[in-house]
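>>> here are the coordinates; sequence isn't available:
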């Protein structure tokens, strides 16, 4: 079987938006530098496969994430490439900016959508941002304000929402407080990250419910799961039952966090699409094309994809991804 049988479940959304993070979050932890041209083709293939949003890169300082040192070159190359990325498709691209310097670079290259990346815990804020938990808001405020003044859309990530490798369990109330403060700076969406993959279904339900009780609407929330303990799809199903309609995923299950060694692969885009298709939930994504893209990227990286669906469907897939 190349597609699952469709059996609708009561009470689930009819359509879901997949926020593809493979080119940024998926590749950022790769030790061997991936050529810029390969990254550009990766983005182009994902857009062509119907992913509505693709986070292409991050304007972080090269010292901290060497893999993304070519962000400006990549965005310039994507601007020149075609067919496959027309003007409308470029509206689908996103970039991560850590601070005002990153925003300056994004603005120079004509970015229309940016994201900031905060922390729900003190220790990770120090390690990832070199700021305290409270200081991160002062750092992000001018970045978000300037971005909004320039007409840009802003997304806010909050990491370590379900557990922290240094601090252990993270109180739900703490996550809600930090998340709302980040969102209230001027973001249009808040992505809640299970950075080390320790979340479980009941925890997801409780966290989403707490944000709703705090005044946030379901369409303002997204979920970002890692599959460290094999819980990503179960957690996604719990979030679907709670009414969440945006999910971050990475083609082929690539990714992790360079500042949290226990943060293994992201939820694979293909695994997510397979489950959603079986539930009769629309995504607009061509599963075969995403699988072919992940098979192609696995060949570029010299190792097989960790995605279960890529392993199941990828055998015999043309390396070209056509």
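Right, received. Where do you want to start? Remember, predicted model here, so these are calculated numbers, not experimental data.
>>> tell me which stretches of the stretch 51-200 of the chain form helices.
Applying DSSP state H, counting those that start in this stretch to the stretch 51-200 of the chain gives helices spanning 71-80, 87-90, 100-108, 122-129, 135-149, 172-183.
>>> now the last one: average pLDDT?
What it means is helix 172-183. Across helix 172-183, the average pLDDT comes to 98.
>>> same check on the longest one?
Averaging pLDDT along helix 135-149 gives 97.
>>> likewise for the shortest one?
The average pLDDT within helix 87-90 is 60.
>>> secondary structure element for residue 13?
Using DSSP states H and E, no element contains residue 13; it sits outside every helix and strand.
>>> okay, it and residue 241: tell me how far apart.
From residue 13 across to residue 241, the span is 10 Å (Cβ to Cβ, to the nearest Å). For the C-beta atoms, the positions are set from N, CA and C on the backbone; glycine is no exception.
>>> in stretch 4-23, what's buried?
4, 12, 13, 16, 17, 18, 19, 20, 21, 22, 23 (16 or more other Cβ atoms under 10 Å).
>>> I should have written stretch 188-203 there, sorry.
189-199, 201, 203.
>>> what's the span of that stretch, first residue to last?
24 Å (Cα to Cα, to the nearest Å).
>>> ok, now stretch 302-312?
End-to-end distance of stretch 302-312 (Cα to Cα): 18 Å.
>>> report the rounded mean pLDDT for that stretch.
93.
>>> what pLDDT does the closest residue to residue 183 other than its chain neighbours get?
Leaving aside its chain neighbours, residue 183 sits nearest to residue 190 (4.4 Å; criterion: Cβ to Cβ, 6 or more residues apart in numbering). Per-residue confidence (pLDDT) for residue 190: 98.
>>> hang on, the earlier thing: closest to residue 309 out of the buried residues of stretch 188-203?
Checking those against residue 309 with Cβ to Cβ, the nearest one is residue 197 at 18.1 Å.
>>> distance from stretch 228-235 to the middle of the chain?
In terms of Cα atoms, centre = their mean, to the nearest Å, the centre of stretch 228-235 is found 16 Å from the chain centre.
>>> so which bits of that stretch are buried?
For stretch 228-235, the neighbour count (16+ other Cβ under 10 Å) marks 228, 231, 232, 233, 234, 235 as buried.
>>> go through those residues and flag which are in helices.
Members of the buried residues of stretch 228-235 lying in helices (criterion: DSSP state H): 232, 233, 234, 235.
>>> wait, the third one sits on residue 201?
Yes: between residue 234 and residue 201 a contact is recorded at 5.2 Å, counting by Cβ atoms under 8 Å.
>>> so can I have CSV of the ones in helices among the buried residues of stretch 228-235 showing pLDDT?
Listed next are these as CSV, based on pLDDT from 0 to 100:
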residue, pLDDT
232, 97
233, 98
234, 98
235, 98
